[in-house]
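**Student:** Sequence first, predicted model second:
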Amino acid sequence: MTIKIEQLSKKYLIHNKRKVLDDTLKDRLTQGVKGFFNRFRAGSLKTSGKKEFWALKDLSFEVKQGDSLAIIGKNGAGKSTLLKIFSRITPPTKGRVKISGRVASLLEVGTGFHPELTGRENIYLNGALLGMSKREIKKNFDEIVDFSEIEMFLDTPVKRYSSGMFVRLGFAVAAHLNPDILIIDEALAVGDAAYKKKCIAKMEDIGKEGRTVIFVTHDMWALNFCNKGILLHEGEIVPTDNLEHCVALYSGSNREMPSVDKV
């Protein structure tokens, strides 16, 4: 077992101005300070104008070592929220998550990089965050640089990188620091077609090495290397027989996604 989730649910609070409140440490501190001053001005401890939104609802499944899992679904289905929980960026509201092994992820463009540090420095920073020694990072350094194709800008602060450069370096770092579990969100969508194909081929190689890949994309052609699939709809898993069934349902979802009760 690499990942096992049991009755997993995730709730967000939405202000009446449609601002979604996450529960990372930064968000909690910000909410606490704002809440204090709002109560101070109002002279009351009463809070209002917030609505609950369940991004994930009672999910249970396992991902085994060596699986290449595609998670597909429309925008707002809960895919990115699930990956944030796997990457320990945000905790679940309910349920349990068990993860065995070292996780590397590329979720949003620029995630995990310190903007003031150079590309070179960020490679070492990300390796250290994955628990790697300096010697281990050095061993993979040249491969990362070659794969990213940004050697000319390696000593430039990443705050000056374009979104495409971020993706190139971000994927190269995540894929070449030997994680047990590689998690890739739709960040690859901003890359050019040739580099995207190169990344897909690398993920296929990682799967063949017996490591686990979890991949979210709207491009169904990119899922050929995956051996399993999960289709999410409004925070719930749509029951399917296999990856091909997931893709078939998703491909027809522009007309109407079937209800999870009726599939």
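**Tutor:** Noted; the coordinates are in hand.
**Student:** Now name the helix or strand holding Lys84.
**Tutor:** For Lys84, the element it lies in under DSSP states H and E is helix 79-86.
**Student:** Name the surrounding residues that touch that helix.
**Tutor:** Helix 79-86 is contacted from outside by 3, 8, 10, 55-56, 59, 71-73, 90-92, 97, 99, 103, 105, 107, 181, 183, 185-186, 214, 216, 232, using Cβ atoms under 8 Å, 6 or more residues apart in numbering. Every residue, glycine included, has its C-beta placed from N, CA and C.
**Student:** State the next helix or strand along the chain beyond that helix.
**Tutor:** Next along the chain after helix 79-86, taking DSSP H and E as the criterion, comes strand 94-99.
**Student:** Let me know the average pLDDT across that next one.
**Tutor:** In this model, strand 94-99 carries a mean pLDDT of 95.
**Student:** Give me the angle between that strand and helix 79-86.
**Tutor:** 70 degrees (axes from the mean of the first three to the mean of the last three Cα atoms, to 10 degrees).
**Student:** counting contacts, what elements does whatever helix or strand comes next after strand 94-99 pack onto?
**Tutor:** Going down the chain from strand 94-99, the next helix or strand is strand 103-106, by DSSP H and E. Other helices and strands packing on strand 103-106, by 3 or more Cβ pairs under 8 Å, 6 or more residues apart in numbering; DSSP states H and E, are helix 79-86, helix 163-176, strand 181-184.
**Student:** With mean pLDDT as added columns, please give those in a markdown table.
**Tutor:** Formatted as a markdown table, these follow (pLDDT from 0 to 100):
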| stretch | mean pLDDT |
| --- | --- |
| helix 79-86 | 94 |
| helix 163-176 | 89 |
| strand 181-184 | 94 |
